[in-house]
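> quick one: sequence plus predicted model below, questions after.
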Amino acid sequence: MRHGSAAVGRAGFLALDLTWLSEAYLIADRIEEAIVLADRAFELSRQHQEPGHGALALKLRGDIAMRLRPKQIEQAEAHYRQAFSLAGGMAMRPLQAHCHAGLAQVHAAAGNLDKARKELSAASDLFRAMAMSGFLAKAEIETARFR
């Protein structure tokens, strides 16, 4: 069964659809399926010149790498940094904030709490500037854990 963009014969936005589906699989703890879809989403974003959707897929790959057992810290960091870089070039500030939060988790898992605090501070500043209060509250709770 085809869904979304593919069902109507459009390739555009298919990468975004797959990223959302991958995130749903991650939430459902279906990690292997999440990986396959996030990787496919990134491939499609490159093929169809959708760097914003690619940045979202890369951030999701970072999230997935942090959920694996054992955590794939180096891969997660690389994915978050690449997503952050792409997002910056397109003024995707919410995604940049989420990448900062992801990098905070990477540094915390690696035992570098000073770097984790700095990343959470950067995430909080962006969330505050964009009035994203729910995410700001979550970042502030995480910051309190690292004190």
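It's in. Numbering: from 1, shown residues only.

> C-alpha only now, for contacts and for neighbours.
OK.

> helices of the chain, start to end?
Assigned by DSSP state H, the chain shows helices spanning 4-7, 14-27, 31-47, 51-67, 73-89, 93-109, 113-129, 133-145.

> among those helices, which is the most enclosed?
Mean neighbour count (mean count of other Cα atoms under 10 Å) peaks for helix 51-67 among those, with a mean of 25.

> and that one with helix 31-47, angle?
When axes from the mean of the first three to the mean of the last three Cα atoms, to 10 degrees is applied, the directions of helix 51-67 and helix 31-47 differ by 160 degrees.

> re earlier: export the helices of the chain to JSON lines and tack on mean pLDDT?
Output for the helices of the chain, formatted as JSON lines (pLDDT from 0 to 100):
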{"stretch": "helix 4-7", "mean pLDDT": "46"}
{"stretch": "helix 14-27", "mean pLDDT": "97"}
{"stretch": "helix 31-47", "mean pLDDT": "97"}
{"stretch": "helix 51-67", "mean pLDDT": "97"}
{"stretch": "helix 73-89", "mean pLDDT": "97"}
{"stretch": "helix 93-109", "mean pLDDT": "97"}
{"stretch": "helix 113-129", "mean pLDDT": "96"}
{"stretch": "helix 133-145", "mean pLDDT": "91"}
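
> gap between the residue minimising distance to the centre of the chain and Arg147?
Ranked by distance to the mean C-alpha position of the chain (Cα atoms, centre = their mean), the top residue is Lys59 at 2.4 Å. Here the distance between Lys59 and Arg147 works out to 26 Å (Cα to Cα, to the nearest Å).

> the domain parsing of the chain - what is it?
1-91, 92-147 (automatic domain parsing).

> show the model's pLDDT score for Phe146.
We note a pLDDT of 77 for Phe146 in this prediction.

> am I right that it is in contact with Asn112?
No. In this structure Phe146 lies outside contact range of Asn112 using Cα atoms under 8 Å: 9.9 Å.

> which residues touch Gly62?
Gln75, Ala76, Glu77, Ala78, His79, Tyr80, Gly102 (Cα atoms under 8 Å, 6 or more residues apart in numbering).
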